[in-house]
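**Q** got a predicted structure plus its sequence, pasted below:
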Amino acid sequence: MSELKQVKLVLEDGTEIVGKSFGAFTSAAGEVVFSTAMTGYPENLTDPSFAGQILVLTYPMVGNYGVPGEELYESISQIFESDKIHIAGLVVNYYSEEHSHWNATKSLGDWLSEYNIPGIFDVDTRMLTKKLREKGAMLGKIVAEEDVPLHDPNLDNLVAQVSQPGVQHYGTGQHRIVLVDCGTKTNIIRCFLERDVELIRVPWDYDFTTLDYDGLFLSNGPGDPKMCTATIGHLQTALQQDKPIFGICLGSQLMGLAAGGDTFKLKYGHRSHNQPVKLTGTQRSYITSQNHGFAVDTDTLPAEWTMLFENLNDGTCEGIKHKTKPFFSTQFHPEAAGGPQDTEFLFDDFLKVVAEYKAAK
Ligand SMILES: NC(=O)CC[C@H](N)C(=O)O
């Protein structure tokens, strides 16, 4: 190890864990959450939905496959889920400074340093995760030399910080889809571009209701969905019409709120690549990739809406649909990256609904 400086992780309940520094030797505060995914740190760290969060990885050895180099697909990253690291800090048990993988170009520590993000290792992540499961996600901070105050990122409009300004066009195809960028993962864009779609990406607060499109897509994104009042307002207008709408994760929560339902904060969230969900009205279940701390409260949905998927671990809502109009959503990530691609067919289902809507016009 080139650097073995001490840093500590401090939680809002007073817990202090001393560990060793990797990545940037700096202090940072955020909401401490854990993910039980066994792989996928390049994807997770660049997922904008993690903005403001200090991420604890429960998989015991992290860093051994390094970090891939950047390659472009159209004008977006081929490999990463956005163009930068979004987490506030990283907590692992064993950090492997040595890495070996065919497409690795740098170490995880060097990559974190590039973005000035602190990492702490030599932490008993099993003990820490048990604590977060018992008490719920907590505020916390990684402290290097200078102390920093605790900060609750869910009080910030994080979506406004990660949504890209300006309207961007990608691809050509027979279906014109508007993607409302609340912090979209690039694999959502890749999934659409592989499917005969012309994509128009607009910022979270853009009035897309004036655009000419065949289908509307609402992306994932960080923080409390109730912060996205501008998106919810535009969505309410879209819900009056009949054009197909598909939302993922934050997009699902926004759909629930625009429909008149409510969202609530889960105790410690769902962050992993093996979350089981059941399709309502069937015995069919899917293993899904997830990263969320909030959920739609199914009991608050108006009569014309219903739960589409249910989480088989805790019974919470994993997607909703309108009973008569072509509007549906998933709380999980059909685009995965990382995680299983078992539900990627939902992009095909959405485009089928778009084609039917156009044919019936
Ligand atoms: N991945 C996401 O879109 C997350 C949505 C929301 N920020 C949550 O934590 O529930």
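**A** Now that the structure is in, tell me what you want to look at. Numbering: from 1, shown residues only.
**Q** report all helices and strands that the helix or strand of the chain with the lowest mean pLDDT contacts.
**A** The helix or strand with the lowest mean pLDDT-type score in the chain, counting by mean pLDDT, DSSP states H and E, is strand 72-73 (a mean of 90). Contacts defined by 3 or more CB pairs under 8 Å, 6 or more residues apart in numbering; DSSP states H and E place strand 72-73 against helix 186-193. Heads up, the C-betas are built off the backbone N, CA and C, glycines and all.
**Q** now do the helix it packs on, average pLDDT.
**A** When the per-residue pLDDT values of helix 186-193 are averaged, the result is 98.
**Q** quick one: contacts for the nearest residue to N311 once chain neighbours are set aside?
**A** By the measure of CB to CB, 6 or more residues apart in numbering, the closest residue to N311 outside its immediate chain neighbours is E318, 4.9 Å from it. Neighbouring residues of E318 by CB atoms under 8 Å, 6 or more residues apart in numbering: 275, 277, 288, 307-311, 330-332.
**Q** let's have these in JSON lines, adding distance to G269.
**A** Supplementary listing: the contacts of E318 in JSON lines, determined by distance: CB to CB, whole Å:
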{"residue": "Q275", "distance to G269": "11"}
{"residue": "V277", "distance to G269": "15"}
{"residue": "T288", "distance to G269": "14"}
{"residue": "M307", "distance to G269": "19"}
{"residue": "L308", "distance to G269": "20"}
{"residue": "F309", "distance to G269": "17"}
{"residue": "E310", "distance to G269": "17"}
{"residue": "N311", "distance to G269": "11"}
{"residue": "T330", "distance to G269": "16"}
{"residue": "Q331", "distance to G269": "11"}
{"residue": "F332", "distance to G269": "12"}
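**Q** now do the SS call for the most centrally placed residue in the chain.
**A** Geometric centre of the chain, nearest residue: S49, 3.7 Å, by CA atoms, centre = their mean. Local secondary structure at S49 is given as helix here, using DSSP: H, G, I helix; E, B strand; the rest coil.
**Q** contacting residues around it?
**A** Listed by CB under 8 Å, 6+ apart, the contact partners of S49 are 86, 183, 185, 220-222, 249-250, 291-292.
**Q** quick one: which of the contacts of E318 is most hemmed in?
**A** The most crowded member of the contacts of E318, judged by other CB atoms under 10 Å, is Q331 (31 neighbours).
**Q** my guess is that residue meets G293, correct?
**A** No - at 11.0 Å, Q331 and G293 do not qualify as touching, with contact defined as CB atoms under 8 Å.
**Q** and whatever helix or strand D349 lives in, which residues are buried?
**A** Using DSSP states H and E, D349 sits in helix 345-360. Residues of helix 345-360 classed as buried under the neighbour-count rule (16 or more other CB atoms under 10 Å) are 346-347, 350-351, 353-355, 357.
**Q** same check, this time on stretch 194-202
**A** Applying a neighbour-count criterion of 16+ other CB under 10 Å, one finds 195, 197-202 buried in stretch 194-202.
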